[in-house]
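Asks: Turn this into a structure:
(one chain, ligands or ions: 2)
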Amino acid sequence: MSNNTNSLPLYEKTWIKHKFSRVVDSLILALLLLLLGYRVFSHDFYTFPCFVAFLCETWFTYTWLLTISTKWSPAYCTTYIDRLLQRVPESELPPVDLFVTTADPELEPPIITINTVLSLLALDYPANKLACYVSDDGCSPLTFYALVEASNFAKIWIPFCKKYNVLVRAPFRYFLDEDVANNNDLPEFKQEWLRMKEEYEHLCHKIQNATQKSIPLTGEFAIFSKSHPRNHPAIIKVICQNKKCLSDKVPHIIYIAREKRPNHPHHYKAGAMNVLTRVSGLMTNAPYILNVDCDMYMHNPKTVLHTMCIFLDSKGDKEVAFVQCPQKFYDGIKDDPFGNQLVAIFLYIGGGIGGLQGIFYVGTNCLHRRKVIYGLSPNIDDENGRLSQMERIFGTSKEFVESAAHALAGKKIFAPNDNHINSFETAIEVASCGYEYDTNWGKEVGWMYGSTSEDLLTGLKIHVRGWRSEFCTPNPIAFMGCSPQDYLVTLSQQKRWASGLLDIFLSKHCPIFGTLFGKLQFRECLAYIWITNWAFRSIPEICYAVLPAYCIITNSSFLPKELGLWILTTLLVTYNISTLTEYLLTGLSIQTWWNNQRMARITTMNVWFFGFLAILFKKLRISDTVFEITRKEKPSTVIENPGRLIFNESPIFLPGTTILLIQLTSLVINWFGWQQPPIKSKDGSGIGEVFCSAYVVVCYWPYFKGLFGKGHYGLPLSTICKATILAFLFVHFSRSSIRG
Ligand SMILES: O=c1ccn([C@@H]2O[C@H](COP(=O)(O)OP(=O)(O)O[C@H]3O[C@H](CO)[C@@H](O)[C@H](O)[C@H]3O)[C@@H](O)[C@H]2O)c(=O)[nH]1
Ligand SMILES: [Mn+2]
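Replies: Ligands and ions are numbered 1, 2, ... in the order given. Below is the predicted model of the structure:
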């Protein structure tokens, strides 16, 4: 029997053949190609609007090719924890270091961060195998205070969770559901539940008080008195130490604020991750690293066991570099009005990439092998050649180089002991801002520098070395997080992503080189191109959106005639039916589908366009890109009109407003018949152009409401004025272009 179970795999990967969606996707591709062919051979190919339309449609075809290649062969993993636990005794489960990053106590309230930490500490995994490292880029005594208090609460919270097998181990979510207490039959449960709730409220209260009154900077906190968030020495504090190394106590908790000095680039999150990697390397040096952003919490306490099934399976051992888990967002606004819940994209694109060389690393909710982070390639156990150069690669700390050598060799060395945890001096050294000079940190080892999408770049470099990755989707979902609750936050996030991704495409890390000179598989490369080209998409979409208006104003036509028009119509209908079916099959509403379609258009033409400009300016050395941290809402904040777009003076609203005004002008011109006579009698604009223009207006309906909205729901007058001038110029130049 036991022999039998020992030979069973710990995880299985199944490829799904969605016949229907493959047929529909191919049909769309065929229609796109037909349309292009039709245009090339039609007599008006060389008119300006038709030629522009042709260029845009060529781009759409290219994007569609990338899309279907990416989602063609989705695969999902099933993991068997029971087999794992039979095969590997608890005492032999590998240690895991848990990394949490936080950067600003205002934008990321400490109460959110400690909930993340608590959910991780209470994992279903032996506590003596875990160590939680929190990086605080804000160097805030408040965050430190909150962690100290949370570690005290953890002493009762963890046993409670494990005793009653609690599912949601982030208290702020757990206590939302009052029914939990009422539905449980155990008499002592209710009492303990009430006590726990009281203790948690007490904890929140203390943190709240500390936020308002500011903490006296004496004793443990004295060190913060001399610190400024951007100018301070490294601060490392062991908040909690599992001294006796017991499997049912609170894991180690270590607070780290890396050194920061003005004029020293700190590389945002990637820099923080590298400091965490080095400090943990000195202290516990676990062979696996789980990293979670402070705005996510562990929703399935068995997640680490699930991912271990993949890592420890004999197949996965030499090839799987990291295991990425999906996330969902809590408190999403009904019908996803800003298109930021990313449900369908995670399922269809995420699953699709999972079926290729492996899912992308998305920066959070992911377990890495430490040795891969240290630059190891697959199927190589110990790169002896490297050892001589270790100092050049990893920096001058002897202790760290030694620990890295252990990690690379995959030796099961450490029972972490007090000496390691207390090796402060070296820890401070590796957390200093000058430590990385002349080393390979951020270039070949650790998290990669140079893009604000450090996550994708880091994963890409790993794939280029020939590693695979897996998508682990346990049920219930592994992680939950908070998505931006208002539109302005969504904007800054999307802009950072689009620019960071394009930055990768235009750098020496371009995925195409990865396939030509590295081990990046061809279709995986296409998937990377698909994502890193987001910002480029803005240009053809903007052109395509203003074309109908241009045609109405100049009384010309960009739509193909006769058969061509049929092809285009069938194309649009098929595309919309196919995306709608995907949404319905996922259990999403029609309204969600429409909101997502509309926001995709708005986001592409505005936010991604600004992402494109940001990279253009970076390349021209006019300005550099920065990592703008997204604001996380406090758990109880209520927004009065959550689904509605809000606006401010930012130029990011200018393109959208201009596009909308251009359409409205052209519709008015058409209505009153103020067009010029067409150059050739039968080639004027017609009902088709009017329909397209009206469609753009419908997509921009939130902006339309913004024209008349009040307060932050209204577009600022200055933006409307600038957009009016731009729209006027557009009409003027369109008209003179045909006269000239
Ligand atoms: O200088 C910095 C900036 C950010 N962070 C942390 O980075 C994480 C992500 O920042 P957030 O503002 O939440 O950005 P998101 O857009 O939500 O993050 C997504 O996109 C990022 C790349 O743009 C990835 O790093 C993230 O993992 C991914 O969740 C947070 O924990 C921050 O505390 C730092 O530690 N230092
Ligand atoms: Mn986030």
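Asks: Now for residue 168: which residues touch it?
Replies: 119, 174, 299 (Cβ atoms under 8 Å, 6 or more residues apart in numbering). All C-beta atoms are positioned from the backbone trio N, CA, C, and that covers glycine.
Asks: swap in residue 512?
Replies: Shown in contact with residue 512 (Cβ under 8 Å, 6+ apart): 525, 529.
Asks: For the chain, list the residues in contact with ligand 2, please.
Replies: Counting by Cβ under 5 Å from the ion, the chain comes close to ligand 2 at 293, 295.
Asks: can you do 6 Å?
Replies: Residues of the chain found near ligand 2 (Cβ under 6 Å from the ion) are 293, 295, 630.
Asks: For the closest residue to the first one other than its chain neighbours, give its distance to ligand 1.
Replies: Here the nearest residue to residue 293 in space, its sequence neighbours aside, is residue 364; by Cβ to Cβ, 6 or more residues apart in numbering that works out to 4.2 Å. With distances taken as Cβ to the nearest ligand atom, to the nearest Å, residue 364 is found 4 Å from ligand 1.
Asks: what's the answer for residue 699, then?
Replies: According to Cβ to the nearest ligand atom, residue 699 and ligand 1 sit 25 Å apart.
Asks: before we move on, what about residue 567?
Replies: Separation of residue 567 from ligand 1 (Cβ to the nearest ligand atom) stands at 39 Å.
Asks: Surely that residue touches residue 36?
Replies: No - taking contacts as Cβ atoms under 8 Å, residue 567 lies outside contact range of residue 36: 9.8 Å.
Asks: Which one's more surrounded, those two?
Replies: The neighbour comparison of residue 567 against residue 36 (other Cβ atoms under 10 Å) goes to residue 567, with 21 against 15.
Asks: Report the contact partners of that one.
Replies: Residue 567 makes contacts with 31, 34, 35, 38, 560, as judged by Cβ under 8 Å, 6+ apart.
Asks: What average pLDDT does the helix or strand hosting residue 566 get?
Replies: Secondary structure from DSSP states H and E places residue 566 in helix 562-585. Mean per-residue pLDDT for helix 562-585: 94.
Asks: Spell out which parts of the stretch 601-740 of the chain neighbour ligand 1.
Replies: Those residues of the stretch 601-740 of the chain that sit near ligand 1, judged by Cβ under 6 Å from any ligand atom, are 627, 629, 630.
Asks: One more: the chain?
Replies: 101-103, 108, 135, 137, 268-269, 272, 293-295, 363-364, 452-455, 493, 496-497, 500, 627, 629-630.
Asks: mind listing which of these are in helices?
Replies: 268, 269, 272, 454, 455, 493, 496, 497, 500 (DSSP state H).
Asks: would you turn those residues into CSV with pLDDT?
Replies: As requested, those are exported to CSV (pLDDT from 0 to 100):
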residue, pLDDT
268, 96
269, 97
272, 98
454, 96
455, 97
493, 93
496, 96
497, 96
500, 96
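Asks: need the residues you listed in TSV with distance to residue 62 and neighbour count, can you?
Replies: What follows is these, written out as TSV (distance: Cβ to Cβ, whole Å; neighbours: other Cβ atoms under 10 Å):
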residue	distance to residue 62	neighbour count
268	32	20
269	32	22
272	37	23
454	27	27
455	25	25
493	26	18
496	25	22
497	20	20
500	22	25
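Asks: and which of those is nearest ligand 2?
Replies: residue 493 (7.4 Å; Cβ to the ion).
Asks: Find the residue closest to that closest one in space, skipping its chain neighbours.
Replies: Closest residue to residue 493 apart from its sequence neighbours, by Cβ to Cβ, 6+ apart: residue 630 at 5.0 Å.
Asks: Kindly report the same for residue 278.
Replies: Excluding its sequence neighbours, the residue lying closest to residue 278 (Cβ to Cβ, 6+ apart) is residue 430, at 4.0 Å.
Asks: dump the residue contacts of whichever residue of the stretch 1-150 of the chain sits closest to ligand 2.
Replies: Residue nearest to ligand 2 within the stretch 1-150 of the chain: residue 108 (8.7 Å; Cβ to the ion). Taking Cβ under 8 Å, 6+ apart as the criterion, residue 108 is in contact with 102, 138, 294, 295, 629, 632.
Asks: how much space between the residue of the chain at minimum distance from ligand 1 and residue 291?
Replies: Proximity of the chain to ligand 1 (Cβ to the nearest ligand atom) peaks at residue 363, 2.2 Å away. The gap separating residue 363 from residue 291 is 8 Å, by Cβ to Cβ, to the nearest Å.
Asks: What of residue 166?
Replies: For residue 166, the distance to residue 291 - Cβ to Cβ - is 23 Å.
Asks: more neighbours, the two?
Replies: Legend: neighbour count by other Cβ under 10 Å for residue 166 and residue 291, higher for residue 291 (26 against 17).
Asks: The more buried one sits in which helix or strand?
Replies: strand 288-293.
Asks: Please name the strands paired to that strand in the sheet, noting orientation.
Replies: Paired with strand 288-293 in the same sheet, following DSSP bridges, are strand 96-102 (parallel), strand 366-369 (antiparallel).
Asks: low-confidence ranges in the stretch 501-650 of the chain?
Replies: 634-639 (pLDDT under 70).
Asks: hey, where'd the helices end up in it?
Replies: Under the criterion DSSP state H, counting those that start in this stretch, the stretch 501-650 of the chain carries helices at the ranges 511-517, 522-532, 538-554, 562-585, 590-602, 608-619.
Asks: Of all those helices, which one is nearest residue 282?
Replies: Closest of these to residue 282 is helix 511-517, at 32.1 Å (criterion: Cβ to Cβ).
Asks: Residue in the stretch 151-300 of the chain with the shortest distance to ligand 2?
Replies: At 4.4 Å from ligand 2, residue 295 is the closest residue in the stretch 151-300 of the chain, using Cβ to the ion.
Asks: right, and that residue touches residue 481 too?
Replies: Yes - Residue 295 lies in contact with residue 481 (Cβ under 8 Å); the separation is 5.3 Å.
Asks: Quick check on these two: which one has the bigger neighbour count.
Replies: Taking neighbours as other Cβ under 10 Å, residue 295 and residue 481 compare with residue 295 leading, 26 against 20.
Asks: Look up phi and psi at that one.
Replies: Dihedral pair for residue 295: phi -100, psi 20, per degrees, to the nearest 10.
Asks: List the contacts of it.
Replies: Per Cβ under 8 Å, 6+ apart, neighbours of residue 295: 108, 112, 116, 481, 482, 630, 632.
Asks: Which two of those residues have the greatest separation?
Replies: Greatest spatial distance among the contacts of residue 295 (Cβ to Cβ): 116 and 630, at 14.9 Å.
Asks: Tell me which of these two has more neighbours.
Replies: For residue 116 and residue 630, the more surrounded residue by other Cβ under 10 Å is residue 116, and the numbers stand at 28 against 20.
Asks: For the helix or strand where the more buried one lies, C-alpha coordinates in CSV please.
Replies: Using DSSP H and E, residue 116 falls within helix 110-121. Coordinates of the C-alpha atoms in helix 110-121 are reproduced here as CSV (Å, rounded to 0.1, in the frame of the first residue of the first chain):
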residue,chain,number,x,y,z
PRO,A,110,-0.4,49.1,9.1
ILE,A,111,-3.7,47.3,10.0
ILE,A,112,-3.7,45.9,6.4
THR,A,113,-0.1,44.8,6.7
ILE,A,114,-0.5,43.1,10.0
ASN,A,115,-3.5,41.2,8.7
THR,A,116,-1.3,39.9,5.8
VAL,A,117,1.4,38.9,8.3
LEU,A,118,-1.1,37.2,10.7
SER,A,119,-2.6,35.2,7.9
LEU,A,120,0.9,34.0,6.9
LEU,A,121,2.0,33.2,10.5
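Asks: And the helices of the stretch 501-650 of the chain: which comes nearest residue 345?
Replies: Closest to residue 345 of the helices of the stretch 501-650 of the chain, according to Cβ to Cβ: helix 590-602, at 8.9 Å.
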